[in-house]
Structure formats: structure tokens, C-alpha cells
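**Q** can you look at this prediction? I've put the sequence above it.
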Amino acid sequence: MDQDAAFLQHLGRDHRKYAVVAEHYNAVGASLCATLKHFLGPEWDEDLAMHWTAAYQVIARIVVESAETSSETSPDWWDADVLSVERRTMDLTLLTVRPRRAYYFRPGQFISMEIPQRPKMWRYFSPANAPRADGSIDLHVQQIDGGQVSPSVVRSLKAGDAVKLGAPVGERLTRRDDDVRDLLMVAGGTGLAPLLAVLEQIDNEWNRTRTAPRVQLLHGVRMPWHLYERPRLQELAQTRPWFDYTEVVSDDASYPGTRGKAGTIAAQQDLHGRTAMVCGGPQMVAHTLERLAAAGVDTEHIKYEHFYYAAVDEHTATAGPALTRSGDNK
């Protein structure tokens, strides 16, 4: 119940960027009831209508109250400038933006963005860095075939453009500062981005205190040229005694390194005393959750975004609708 309320509060804060106000929820509620009446036919009776109305009133109240409260301390959105656009592979771009006013987020969170080429089409992305003194934010954007937004980001967005950012969301892939528990990070494709932000958080702590938890990162991709952060991660593994990096390629039979699905390889690691962080597409996440649970990892120690993936039980995991890190939900 607490997670449901937190999600509704997020919706209320997030809907502000669409200029949604309290009066709009009356129309939404009326449309919902009319739709239910149409499809349920004679089953739509007075008692059922009363229960649905009561439920919607609770939902609308939480959403509206959250929007009103957040409006007192934060803007509806943040204007940001595009500092650089780097086409890293055929279908992947590394983007750096800087908000024009203070923007606070935690490593591992997500932010929504609207680009000028696609107004009103907000999409979620993951900052790939911990907060910086200059306020800049790195985003990894993979082009999705048929997508409405990601092709424009990859092909058309350029330095000097202005974008809009929504408030940061998500807590499951964050960690407390100076948390000493060891980590197993499992990334699929651009699901690497939020885990890079957490890595940077840990590296900042190590540079300050010379202590850090043990971290192993598995980056799973289909083809080896999708290992777009290989030089950076290899250098980190060579210079940081607490960090290990493993590349996992699934679809190239000629690849001489580790081959297979990232979740299968993750389940073969030393999992004792570790927290697992998993991020990627829905099928990859579901498979990894299933393999880790089957290997005996307590679900309490498997972190992934509950907003976007169905919860894993001790035997199986089924992916729900995914928030795509590359920027397109369809």
C-alpha cells in the first residue's frame, strides 16, 4: 500500500509538466466511470459504481495533494541546455545537458525529458553520473526502431538546443552514501546508465576516504560493439582495487570473452553478502531476477525499479510494462 501511495504521489508531481490541474481529474473520473459502464453493461450496478467512485476519489486526492505540495518547492519543469551530443555507435548517443537552475537528483534515479523536436512527448532517461558541481547531466540514448522520440534525439538534437526536464523519480536503484554492502551490478544495454551513476558515487567516496564496497559490474549486450563504455570501465577496473568489470555478449558466436545472458552469468558469481542491482529491458530484467532468485539471493537484496517491473517472488519473475532507458515506451 505504501508503494502504491508513493507511486500516486509521483504521478501527481510528474503531471505538473503537462499543466494538469485539479479540475481535470473530475473529467478523468467521469470518463473512467462511463467506460466501465459501457463495457460492464448490466454488471455495472449501484454498489459497483459506489466502490469505483470511492476508490477514484482516494487516488485523485493523493495525486492532487502531491501536485499542490510539490508546487510550493519546485517548478513544473526545469529548462536545460544541451552542452554536447556524441554519436557513440550506430544507434546510441551520449548526451550532456545542464539545467539552468539547481536540479537535485540521487545516483540511480530517472528523469523525464522533452526535446524541442518532439513537444509534449516526455520520455524517461537515466543520469549516467553522480551530481556534479557544474550541474551537468549525462544521458545515454539508444534509438528505438519506430520510436517517436529516440530517433530525433539521436539524429536531430544538437548542442545549443534547449530541453525540459521533469523532477527526478525512483528510489530502488539508489544507495545510501558510504553504504558498505558489496554490490553485484547487472546491466543490459543502456540500463548501464544509472549503474554508472552509482559507480561514480562510490568512486567519489573512495577518493575521499580510500574505502569502498566490493563492486562487480556485468554489462550484457547482444554484440560486442554495443559495449560502448568499454575503455572507461576497463580503466576503472585496472585502477580501483574494489571494482571488477565483466563483459557478457549473447549473440556473437565469434566473441572470445564471456558469452550468454547476463542473468545466467550473474547467477554463477559469488553472491554471498551482496546486493544485486539490475537494470535493462523488461525481458532482461525478468530473466535476471528469476536466475538470481533461483540461485538463492534473498529478494530483499535484489534491487530494480518496482514501478516498471512486476515483483519477483522466490521462484519466478514476470516483467511488466517497462520504462525504456533509451527513451521510447513504444
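**A** Here it is on my side, so go on. Numbering: from 1, shown residues only.
**Q** please make it C-alpha for all contacts and neighbour counts, starting now.
**A** Fine.
**Q** secondary structure class for residue 269?
**A** coil (DSSP: H, G, I helix; E, B strand; the rest coil).
**Q** same question for the one 3 residues further on.
**A** Here residue 272 is coil, with the state taken from three-state DSSP.
**Q** roughly how far does it sit from residue 199?
**A** 20 Å (Cα to Cα, to the nearest Å).
**Q** so the two - more neighbours on which side?
**A** residue 199 (22 against 9; other Cα atoms under 10 Å).
**Q** name the element the more buried one belongs to?
**A** Element membership for residue 199 (DSSP states H and E) is helix 192-209.
**Q** and if you look at residue 297?
**A** With DSSP H and E as criterion, residue 297 is part of no helix or strand.
**Q** again with residue 235
**A** Using DSSP H and E, residue 235 falls in helix 230-239.
**Q** now do the strands in the stretch 201-330 of the chain.
**A** Secondary structure of the stretch 201-330 of the chain (DSSP state E, counting those that start in this stretch): strands at 215-221, 243-249, 258-259, 274-279, 302-303.
**Q** tell me what the first one is packed against?
**A** The helices and strands touching strand 215-221, judged by 3 or more Cα pairs under 8 Å, 6 or more residues apart in numbering; DSSP states H and E, are strand 182-188, strand 243-249, helix 262-267.
**Q** same thing but 7 Å
**A** Here strand 215-221 touches strand 182-188, strand 243-249, going by 3 or more Cα pairs under 7 Å, 6 or more residues apart in numbering; DSSP states H and E.
**Q** then the second one?
**A** On a contact count with 3+ Cα pairs under 7 Å, 6+ apart, strand 243-249 meets strand 215-221, helix 230-239, strand 258-259.
**Q** do that again at 6 Å, thanks
**A** Strand 243-249 sits against strand 215-221, strand 258-259, with contacts defined as 3 or more Cα pairs under 6 Å, 6 or more residues apart in numbering; DSSP states H and E.
**Q** okay, buried residues for that strand please.
**A** By 16 or more other Cα atoms under 10 Å, the buried positions in strand 243-249 come out as 243-249.
**Q** hmm, back to that, out of the helices and strands packed on strand 243-249, which one sits most buried?
**A** Ranked by mean neighbour count, the helices and strands packed on strand 243-249 are led by strand 215-221 with a mean of 24 (mean count of other Cα atoms under 10 Å).
**Q** okay, that strand in PDB with CA atoms only?
**A** Extracted in PDB, the C-alpha atoms of strand 215-221 (Å, rounded to 0.1, in the frame of the first residue of the first chain):
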ATOM      1  CA  VAL A 215      31.600  -3.900  -6.800                       C
ATOM      2  CA  GLN A 216      31.300  -6.300  -9.700                       C
ATOM      3  CA  LEU A 217      29.600  -5.000 -12.900                       C
ATOM      4  CA  LEU A 218      28.300  -7.300 -15.600                       C
ATOM      5  CA  HIS A 219      27.400  -5.500 -18.800                       C
ATOM      6  CA  GLY A 220      25.200  -7.600 -21.100                       C
ATOM      7  CA  VAL A 221      24.900  -6.800 -24.800                       C
END
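**Q** strands paired with it, and their directions?
**A** Partners of strand 215-221 in the sheet, by DSSP bridges, are strand 182-188 (parallel), strand 243-249 (parallel).
**Q** CSV please, covering the ones you listed and showing distance to residue 6 and mean pLDDT.
**A** Formatted as CSV, the strands paired with strand 215-221 follow (distance: least, Cα to Cα, whole Å; pLDDT from 0 to 100):
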stretch, distance to residue 6, mean pLDDT
strand 182-188, 25, 97
strand 243-249, 34, 98
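**Q** alright, calling it a day.
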